[in-house]
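1. Could you work out the structure for the sequence below:
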Amino acid sequence: MKLSFALTAAAAASIALLAPLVACGSSSDDAAGGDAGKNGKSNDGGATGTGDASCASLACTSDGGTGGDGGPGADSGPVTPTVSSWMGINADADLPWSDVATQLAAFTISNGGKADANGYPVAGASGTSSTDMGFLLPSGTYAISFTGSGTLTVGGIGKLAGTWTTSGGVRSNTVTITGTPGTFGQSLTLGITNTAGQSVTGIHLYLPGVAPASAGTFSPQYLAMLKPFRAVRFMDWAGTNGSTIADWSARTLPTTFGVNAGIVPWETMIELLNETGKDGWINVPEHATDAYVKSLGDLFATNLDMTRIDAARAAAGLTTPFTLYVEYANETWNGSFTANATLLAAANAAPTTYTGMYTGSYGPSFMVQDTNLMKVGQVEGDRLVQIGMSLRKELASTPVTVAPVLAGWALGPAYSDDALTFIKAKYGDPKQYVSAVAIAPYFSVDDSNGQTDSLGNLFTALDTAIDATDATLQQFAMLVSQYGLQMTAYEGGQGFTGSTNLTVKHLAQYDARMNASYARALTLWQKDVGNALYMHFVLASQPGIPESFFQYGFWGAAGSVLLDPSTCGNNLPTLTGSETIASVSSGCPKYAALAAHVPE
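-> This next block holds a predicted model:
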């Protein structure tokens, strides 16, 4: 369950430049219901690898074979997997980057000056970047550098700690940053002053302990915490919800300073896949043109480094073909997101094509009776087929398995079946175009009947809510069996929201009973749909946000990537409710429950 909400202007300013862990996924309704490639690999989403597969490709690893063309490890015998074959994660976290500059606000240019194509003040111009991130950054010494002859100053929570040195045209220094956890309004400020002929570009600000000369794109802590998961979903990184991007020229470039409306460049997402070898899950923007989709496919075909990917997969013990999951927009059924209105408008513009008439037999009845909802489902199915065909064409010369995913509503299969019925009527057998159906099986409690008055009541109610999803999951299992598809979860996990009894809900995130509830939910998922890919939402939270903001959700599997994933799940306490958050926040029962499925 994720709650969609409207931020106040002040609050929005405090978090808009960071990984959007709030208001970026499912509505609260979720919890209520709960290739023409090498070696015979096909990018139709099916499993053909070279090994003896024990189950369908989207759910399990095979017993042998390689993920590449005789890639690394092909002849070295089996490797004990260090990743789960079915646990995935949404990419969001507090500190994913080695270079904090990627999280800073754009420069405001002074006195009518201009910025260059990457957002820096041009020669002779000046500007300021001020980012409210004292609540996010840990205190410590950061390495800072830039290229150019202009002047760069640091203020707010950051102070220059030494003098600038120059080597090879790069000027370097250190910055002392004082973090202010729990408080908004404490900014890190960078100022650029350029006289005629001067410029400042290529600013970097590295986390404490990261050596600039050897720094990678991603923080070592982020990569360590990501290790157990087979796949990574980039919905939030792509700025999917509310996206107005239609043309390829409007996309965020990796050379742009700081953040661009919270959107991470596609190249950065690709680099994470290259470095880790994990399967990727991308969301195509709701307004993306056919030309955009083609260019996106070209970018992935060009930038995916299968040598690196195969090596990483072999080292991790992954033996299935590298898979790129493709989803259209995000939760098109969700009226809280613009995609719902966008798709409905498309349906109403072609009423004879998208009739909204559902002829299947699945429920629930409120879905079936909502003609507009059924129209949206039909447009989603149609557009997903078009996107999938385009990406498969662009990636046909690669060993990448392209797997289009039809995202549905966890309250029941009717919405998904509506789209599949439409696809069958227009294109033929849906499994030729769609690889899987996905839902977001969140589990939660509400504040009625004393459910959140105490930790004991909360966990009793939570386990009851988990058990209540059994029947609906079985219906989805019937649906995917009917069409010969796989089941997946695009998101999932606990979904507590609301300001009532907020401390109880927060403490629950660190209680041993949360670990047990996760185990209960995942066991139920396995019982009903097998070891089907389950993409938890999300990797890590932003622990320094003010306590009141947790009313919008506790989305991280761990409180921060700065926790030690090898120990934070040890000796988990059963809490009384009287503890302070700070005294228990070093534990990670949710992350431990997910990581427990390695090497399963």
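2. which residue is nearest the middle of the chain?
-> residue 90 (3.0 Å; Cα atoms, centre = their mean).
3. what are the phi and psi values for that residue?
-> phi -80, psi 140 (degrees, to the nearest 10).
4. now do residue 99
-> phi -100, psi 110.
5. Pull the contacting residues for the closest residue to it other than its chain neighbours.
-> Among residues not flanking residue 99 along the chain, residue 204 sits closest, at 5.0 Å (Cβ to Cβ, 6 or more residues apart in numbering). Every residue, glycine included, has its C-beta placed from N, CA and C. Applying Cβ atoms under 8 Å, 6 or more residues apart in numbering, we find residue 204 in contact with 99, 101, 143, 144, 145, 146, 212, 215.
6. Strands of the stretch 351-500 of the chain, residue ranges please.
-> Counting by DSSP state E, counting those that start in this stretch, the stretch 351-500 of the chain has strands at residues 401-407, 436-439, 442-443, 486-489, 493-494.
7. packing partners for the fourth one?
-> It stands for strand 486-489. Contacts defined by 3 or more Cβ pairs under 8 Å, 6 or more residues apart in numbering; DSSP states H and E place strand 486-489 against strand 436-439, helix 470-483, strand 534-536.
8. Compare those and report which one is nearest to residue 119.
-> Closest approach to residue 119 among the helices and strands packed on strand 486-489 is made by strand 534-536 (32.1 Å; Cβ to Cβ).
9. what sits up against that closest one?
-> Here strand 534-536 has contacts from 86-90, 231, 233, 281, 488-493, 522, 525, 557, 590, 594, using Cβ under 8 Å, 6+ apart.
10. and the residue lying closest to residue 391 once chain neighbours are set aside, how many residues sit next to it?
-> Among residues not flanking residue 391 along the chain, residue 297 sits closest, at 4.5 Å (Cβ to Cβ, 6+ apart). Neighbourhood size, residue 297 [other Cβ atoms under 10 Å]: 23.
11. just residue 522 next, same as before
-> 23.
12. Enumerate every residue touching residue 95.
-> Residue 95 neighbours (Cβ under 8 Å, 6+ apart): 136, 138, 207, 219, 221, 222, 560, 561, 562.
13. Could you save these as CSV and add columns showing pLDDT and neighbour count?
-> Shown next, in CSV, are the contacts of residue 95 (pLDDT from 0 to 100; neighbours: other Cβ atoms under 10 Å):
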residue, pLDDT, neighbour count
136, 96, 26
138, 97, 16
207, 98, 23
219, 98, 24
221, 97, 23
222, 98, 22
560, 97, 22
561, 98, 23
562, 97, 18
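14. can you confirm residue 254 is in a strand?
-> No. Residue 254: not assigned to a strand; according to DSSP: H, G, I helix; E, B strand; the rest coil it is coil.
15. Begin at 42 from now on, thanks
-> Okay, residue one is now 42; in that scheme the one you just asked about reads as residue 295.
16. Let me know the pLDDT of it.
-> Note on residue 295: pLDDT of 94.
17. circling back: how close does the residue nearest to residue 432 sit to residue 313?
-> 18 Å (Cβ to Cβ, to the nearest Å).
18. rewinding a little: minimum distance to residue 435: which of the helices and strands packed on strand 527-530 has it?
-> Nearest to residue 435, of all these, is strand 477-480, at 20.4 Å by Cβ to Cβ.
19. still on that earlier bit, helix or strand for the spatially closest residue to the residue nearest to the centre of the chain that is not a sequence neighbour, which one?
-> Leaving aside its sequence neighbours, residue 131 sits nearest to residue 579 (Cβ to Cβ, 6+ apart; 4.2 Å). For residue 579, there is no host helix or strand (DSSP states H and E).
20. What about residue 579, how many residues nearby?
-> The burial count for residue 579: 26, using other Cβ under 10 Å.
21. show me the contacts for it.
-> Contacts for residue 579 (Cβ under 8 Å, 6+ apart) come out as 62, 130, 131, 132, 133, 134, 277, 596, 597, 598.
22. which sections of this protein are below the confidence cut-off?
-> Residues of the chain that meet the criterion pLDDT under 70 lie in 42-118.
23. Just the contacts of residue 136: which are in helices?
-> If you go by DSSP state H, those have 262, 263 in helices.
24. closest to residue 290 among the contacts of residue 245?
-> residue 142 (24.1 Å).
25. pretty sure the closest one contacts residue 299?
-> Yes. Assessed by Cβ atoms under 8 Å, residue 142 is found in contact with residue 299 at 6.6 Å.
26. between these two, which one's more packed in?
-> residue 142 (22 against 19).
27. now the more buried one: how far from residue 321?
-> On the measure of Cβ to Cβ, residue 142 and residue 321 end up 25 Å apart.
28. Show me the domain layout of this protein.
-> With domains defined by automatic domain parsing, the chain comprises 50-137+259-636, 141-255.
29. tell me the most buried of these?
-> Highest mean neighbour count among the domains of the chain (mean count of other Cβ atoms under 10 Å): domain 50-137+259-636, with a mean of 20.
30. Residue 345 contacts residue 313, correct?
-> No. Counting by Cβ under 8 Å, residue 345 sits too far from residue 313 to count as a contact (11.2 Å).
31. possible to save the strands of the stretch 392-541 of the chain as JSON lines with distance to residue 292?
-> Output for those, formatted as JSON lines (distance: least, Cβ to Cβ, whole Å):
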{"stretch": "strand 442-448", "distance to residue 292": "20"}
{"stretch": "strand 477-480", "distance to residue 292": "24"}
{"stretch": "strand 483-484", "distance to residue 292": "30"}
{"stretch": "strand 527-530", "distance to residue 292": "26"}
{"stretch": "strand 534-535", "distance to residue 292": "30"}
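32. Out of the ones you listed, which is closest to residue 520?
-> Across the strands of the stretch 392-541 of the chain, closest to residue 520 is strand 477-480 (Cβ to Cβ), at 6.5 Å.
33. Paired strands for the closest one, with orientation please.
-> Strand 477-480 has the following strand partners under DSSP bridges: strand 442-448 (parallel), strand 527-530 (parallel).
34. and the shortest one, how far out from the chain's middle?
-> By that I understand strand 527-530. Distance of strand 527-530 from the chain centroid (Cα atoms, centre = their mean, to the nearest Å) equals 16 Å.
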